[in-house]
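K.L.:
the following comprises the amino acid sequence and a computationally predicted model.
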Amino acid sequence: MSSDSIKQLQNKATQLFQHHFNTSPTIFSVSPGRVNLIGEHIDYCDGFVLPFAINRHLLIAAKPVNNPVATLFAELGGDTIHISLDQNMTIQAPSWSHYIHGVLHHFREATSLPLPGFNAVIVSDIPVGGGLSSSAALEIATLTLLEHLSNHTLPPSLKALLGQKAEHSHAGVPCGIMDQFAVTFGRKDHLTLIDCLTQKVELIPFPFPEIACIVTNCGVSHSLADGAYAKRRQEVNKALQSLGKSSWREVRIDDLHILKNSPSDSDAILFRRARHVVSEIARVQKTVDALRNADSSKLPTLLAASHDSLRNDYEVSCNELDLLVELANSSPFKSSLFGTRMTGGGFGGSTITLCHRDNAEAFANDLATRYKNTTQINPFHFITHPSDGAHLLQ
Ligand code: GLA
C-alpha cells in the first residue's frame, strides 16, 4: 500500500514536471508523514515519544540545473517560486516556501557547501493541517534532495535537527524534535522510540499483525503558530523552574506537591501541565513494555489516559477530537478496539484508533458517518501502518 501511494505521487509529479519544465525529472525524494502512538507534548520536555512514519507521503521530483537558482512548483498551492541561491536569499510569499528557504539556509550553514540549482515539483497526499507532519515531510524530503544534489550525506539526527531549525526560524513554530525524527528514522513495521533527552532513537517492532491504525481527521485545524503551542512550552519551563529541577526526567509525581499546595491560580495551571508531562513520560514507558511483551491488553487504558490528560491537564484537545474519541469508544465494533486518542499537536487535527484489522474498514466508515451526522463535517480518514522514513526512489 505504501508503495502504491508513492507510485501514484511519482506518476503525478513526473507529468507535472514535464508540463512545467519540458523535460523529465531525474531524482525523486520522498518523505512520509507521521502519527504519534503515545508521548504527546513531551518531546520538548526531555521525554520519550513513540511515533511512526505513515503510508502517506510528500514527494519532490527534481532535476539539477547549471545556474544557482531553485525553481519549485507546488501542486497544493498551484504556485511556482524562484529562489536565487546567493548569500541573500529573500523569503517569498507562499507559506510553504518558508520551509524550503529555511532548509536551504540551514543546510548551507551546516555544510558550508554552495547550494546546488534545481527545478522541482512537489506533490503530497498528506493532508495539510491534519496534525500528520506535512511540514516535517516537506523539510526532510527537501534535505534528502539536497544531500543527493550536493553529494553530501548528513548524519540522520543532524538532518532531522536542521528540519526542526527551519521550522523555528522560518515558520515561527517552536516545535520539538519528534516530527522530523519520526519521518527521518521511520522503518516499516516499527515504531520510533525517541529519547528526547539524549536524542537517541530505537526502532521497536510493532508486534501486533492483527491491529490496524485508523487515522481520522476531525476537519478543524487551529495553527500551532497561533501562540497556544508556544504558551505550553513557556508554562512547562516555568513549572520546571518552580520545581527546582533542570530536566523533567528528574521529576517524580510526588515532587509536584510544591505546585499542588500553592494557593496561586497560576501554580494550579502549572501543576496540571506538570502532571501531564510526568504521567505521559510514564505512559510511554509502559507502552514500550507492553509492546516488548506483545501485550495488547494494556493499550486501551494507556491511550485513554493519554487523551484525558491532554484534554484536562494540558488543554490541547478540542470538542471535535473529544467527539471522535467518544464515538470510537461507543462504536458498534467496540469489541475490535485497542485504544483511541488524539495524535499530534492538537487544537484540531487527527485521532488514531487501533482496531482489529478485519473490522478496520467498517470501524473507520462507521466512525466517519456518525461524526458527520453530529457535526456535518465529513472527516478525511484512512487506515495506516508503520512505514519507511524519507528516502530517494531508485
Ligand atoms: C507538534 C510538534 C511536535 C510535538 C507535537 C506534540 O507536532 O511539531 O514537536 O511537540 O506537536 O506532541
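P.N.:
Done, it's in. Residues are numbered from 1 along each chain as shown.
K.L.:
tally of neighbours for the nearest residue in space to residue 70 that is not next to it in sequence?
P.N.:
Among residues not flanking residue 70 along the chain, residue 83 sits closest, at 4.4 Å (CB to CB, 6 or more residues apart in numbering). All C-beta atoms are positioned from the backbone trio N, CA, C, and that covers glycine. By other CB atoms under 10 Å, 20 other residues sit near residue 83.
K.L.:
hang on, isn't residue 253 packed against residue 279?
P.N.:
Yes - counting by CB atoms under 8 Å, residue 253 touches residue 279, with 7.0 Å between them.
K.L.:
in the longest helix seen in the chain, which residues are buried?
P.N.:
In the chain, with assignment by DSSP state H, the single longest helix is helix 265-292. Buried residues in helix 265-292, counted by 16 or more other CB atoms under 10 Å: 267, 269-285, 287-288, 290-291.
K.L.:
got it, and stretch 86-97?
P.N.:
89, 96, 97.
K.L.:
got the CA coordinates for that stretch in CSV?
P.N.:
Output of stretch 86-97 as CSV, limited to C-alpha atoms (Å, rounded to 0.1, in the frame of the first residue of the first chain):
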residue,chain,number,x,y,z
ASP,A,86,23.2,33.5,-3.5
GLN,A,87,24.0,34.6,0.1
ASN,A,88,20.9,36.8,0.4
MET,A,89,18.0,34.5,-0.3
THR,A,90,14.9,36.6,0.3
ILE,A,91,11.8,34.9,1.7
GLN,A,92,8.8,34.8,-0.6
ALA,A,93,5.1,34.9,-0.1
PRO,A,94,3.5,31.4,-0.2
SER,A,95,3.8,29.9,3.3
TRP,A,96,5.1,26.5,2.0
SER,A,97,8.1,28.3,0.6
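K.L.:
let's have the buried residues of stretch 86-97 in JSON lines, adding pLDDT and secondary structure.
P.N.:
Output for the buried residues of stretch 86-97, formatted as JSON lines (pLDDT from 0 to 100; DSSP: H, G, I helix; E, B strand; the rest coil):
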{"residue": "89", "pLDDT": "73", "secondary structure": "coil"}
{"residue": "96", "pLDDT": "90", "secondary structure": "helix"}
{"residue": "97", "pLDDT": "92", "secondary structure": "helix"}
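K.L.:
closest to the ligand out of those residues?
P.N.:
Each of those was scored against the ligand by CB to the nearest ligand atom, and residue 96 proved nearest at 16.2 Å.
K.L.:
so the closest one is in contact with residue 138, correct?
P.N.:
Yes - counting by CB under 8 Å, residue 96 does reach residue 138; the two are 6.7 Å apart.
K.L.:
for those two, list the residues in contact with both.
P.N.:
residue 122 (CB atoms under 8 Å, 6 or more residues apart in numbering).
K.L.:
for the stretch 151-300 of the chain, just list every one of the strands.
P.N.:
For the stretch 151-300 of the chain, the strands defined by DSSP state E, counting those that start in this stretch occupy 190-195, 200-205, 211-221.
K.L.:
the ligand is nearest to which of those?
P.N.:
For the strands of the stretch 151-300 of the chain, proximity to the ligand was assessed by CB to the nearest ligand atom; strand 190-195 is nearest, at 10.3 Å.
K.L.:
got the buried residues for the closest one?
P.N.:
Neighbour counts over strand 190-195 (16+ other CB under 10 Å) mark 190, 191, 192, 193, 194 as buried.
K.L.:
equivalent analysis for stretch 169-181, please.
P.N.:
Of all the residues in stretch 169-181, those buried under the rule 16+ other CB under 10 Å are 170, 171, 173, 174, 175, 176, 177, 178, 179, 180, 181.
K.L.:
just those residues: which are in helices?
P.N.:
Applying DSSP H to those, the entries found in helices are 170, 171, 178, 179, 180, 181.
K.L.:
from those, which are also near the ligand?
P.N.:
Taking CB under 6 Å from any ligand atom as the test, the ligand is in contact with 178, 179 out of those.
K.L.:
including pLDDT, could the ones in helices among the buried residues of stretch 169-181 go into CSV?
P.N.:
Formatted as CSV, these follow (pLDDT from 0 to 100):
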residue, pLDDT
170, 93
171, 91
178, 98
179, 98
180, 98
181, 99
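K.L.:
would you turn the ones in helices among the buried residues of stretch 169-181 into a markdown table with distance to residue 385?
P.N.:
Formatted as a markdown table, these follow (distance: CB to CB, whole Å):
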| residue | distance to residue 385 |
| --- | --- |
| 170 | 32 |
| 171 | 29 |
| 178 | 19 |
| 179 | 18 |
| 180 | 21 |
| 181 | 19 |
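K.L.:
sorry, back to before: closest to residue 232 among the buried residues of stretch 169-181?
P.N.:
Closest approach to residue 232 among the buried residues of stretch 169-181 (CB to CB): residue 174, at 9.8 Å.
K.L.:
quick one: residues contacting that closest one.
P.N.:
Shown in contact with residue 174 (CB under 8 Å, 6+ apart): 44, 168, 229, 230, 233.
K.L.:
burial measure for the fourth one, as a count.
P.N.:
For residue 230, the tally of surrounding residues (other CB under 10 Å) stands at 15.
K.L.:
okay but residue 140 is in contact with residue 31, surely?
P.N.:
Yes - Residue 140 lies in contact with residue 31 (CB under 8 Å); the separation is 4.5 Å.
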